[in-house]
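*Asks:* let's see this in three dimensions:
(chains A and B)
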Amino acid sequence: EPEVTQTPSHQVTQMGQEVILRCVPISNHLYFYWYRQILGQKVEFLVSFYNNEISEKSEIFDDQFSVERPDGSNFTLKIRSTKLEDSAMYFCASSVATSGGFQETQYFGPGTRLLVL
Amino acid sequence: RKEVEQDPGPFNVPEGATVAFNCTYSNSASQSFFWYRQDCRKEPKLLMSVYSSGNEDGRFTAQLNRASQYISLLIRDSKLSDSATYLCVVNGGAQKLVFGQGTRLTINP
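*Replies:* Numbering: from 1, shown residues only, chains lettered A, B, ... in the order given. Sure, this is the predicted structure:
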């Protein structure tokens, strides 16, 4: 069964450093997403991406964050100048499509656990 | 009001019991509804989509009441492997999923 993959599984970084989290979505999927989950809290939407551009983003997704699809398979989340509060599990997800207001199932990768010291 | 609100839990039930989870959502424009399960420190995994007419998948039954903006999940004949956190999820926009806090379920032998 096809699945979303993410690398690295764990990332430890110093405050102020830049990190890039990588994802390989399911191959025939067209929509890509990033979510985060701070320990003990709910999963929160960050951004959705379609046709090489951001289609929706949350208030969390400020100028510190950027996304890119550098080639035909990878989807990346860059966090510039990391802060302590960026420590969280970051999940990538992908879906086939959306149709009007209906959301097709989003499939999640195993996550990258980011720890900012 | 929270966008998606769930029973706080935790639920501790014996193996074989029936357990029910409830969820309410605030956005009346939402059109897609899901239950995901999440094991400790793992990714959310789709358990089932929820349709207006209600739907069943083996031991799991989901119901949707649009008028009350209420979603439910029933698990019959619970197994030890059902122990997880159950997430009520609603679409909050064209592409965004909004998650509830989750309800932790522990099935005891």
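
*Asks:* low-confidence stretches in chain A?
*Replies:* Along chain A, segments meeting pLDDT under 70 span A:98-103.

*Asks:* for the residue nearest the centre of it, give me its contacts.
*Replies:* Relative to the mean C-alpha position of chain A, the nearest C-alpha, by CA atoms, centre = their mean, is the one of residue A:34, at 2.6 Å. Under the criterion of CB atoms under 8 Å, 6 or more residues apart in numbering or on different chains, the contact partners of residue A:34 comprise A:21, A:23, A:46, A:47, A:67, A:77, A:90, A:91, A:92, A:93. To be clear about C-beta, it is placed using only N, CA and C from the backbone, and glycine gets the same treatment.

*Asks:* so what's the second one bridging to?
*Replies:* Okay, so that is residue A:23. Assessed by DSSP bridges, residue A:23 has beta-bridge partners residue A:6, residue A:75.

*Asks:* I'd say it and residue A:76 touch.
*Replies:* Yes - contact between residue A:23 and residue A:76 holds when scored by CB atoms under 8 Å: they sit 7.0 Å apart.

*Asks:* quick one: which of those two has more around it?
*Replies:* Residue environment comparison for residue A:23 versus residue A:76 gives the larger neighbour count to residue A:23, 26 against 16, counting by other CB atoms under 10 Å in any protein chain shown.

*Asks:* what distance do you get for the more buried one to residue B:58?
*Replies:* The gap separating residue A:23 from residue B:58 is 31 Å, by CB to CB, to the nearest Å.

*Asks:* which other helices and strands does the stretch of helix or strand residue B:36 belongs to contact?
*Replies:* Assigned by DSSP states H and E, residue B:36 belongs to strand B:33-38. Contact here means 3 or more CB pairs under 8 Å, 6 or more residues apart in numbering or on different chains; DSSP states H and E; on that basis strand B:33-38 packs against strand B:44-50, strand B:60-65, strand B:70-75, strand B:84-91.

*Asks:* the closest residue to the residue nearest to the centre of chain A other than its chain neighbours in helix, strand or coil?
*Replies:* Here the nearest residue to residue A:34 in space, its sequence neighbours aside, is residue A:46; by CB to CB, 6 or more residues apart in numbering or on different chains that works out to 4.3 Å. Using DSSP: H, G, I helix; E, B strand; the rest coil, the secondary structure recorded for residue A:46 is strand.

*Asks:* what does chain A have sitting close to chain B?
*Replies:* A:31, A:33, A:35, A:41-45, A:48, A:50, A:55-56, A:58, A:89, A:91, A:95, A:98, A:100-103, A:105-111, A:113 (CB under 8 Å from any CB of the partner chain).

*Asks:* how close does residue B:82 sit to residue A:113?
*Replies:* Between residue B:82 and residue A:113 the distance, using CB to CB, works out to 25 Å.

*Asks:* and for residue A:60?
*Replies:* Between residue A:60 and residue A:113 the distance is 17 Å, computed by CB to CB.

*Asks:* then residue B:16?
*Replies:* Distance, residue B:16 to residue A:113, using CB to CB: 35 Å.

*Asks:* of those two, give the one with the bigger neighbour count.
*Replies:* Here residue B:16 and residue A:113 are compared on neighbour count by other CB under 10 Å; more neighbours surround residue A:113, at 17 against 11.
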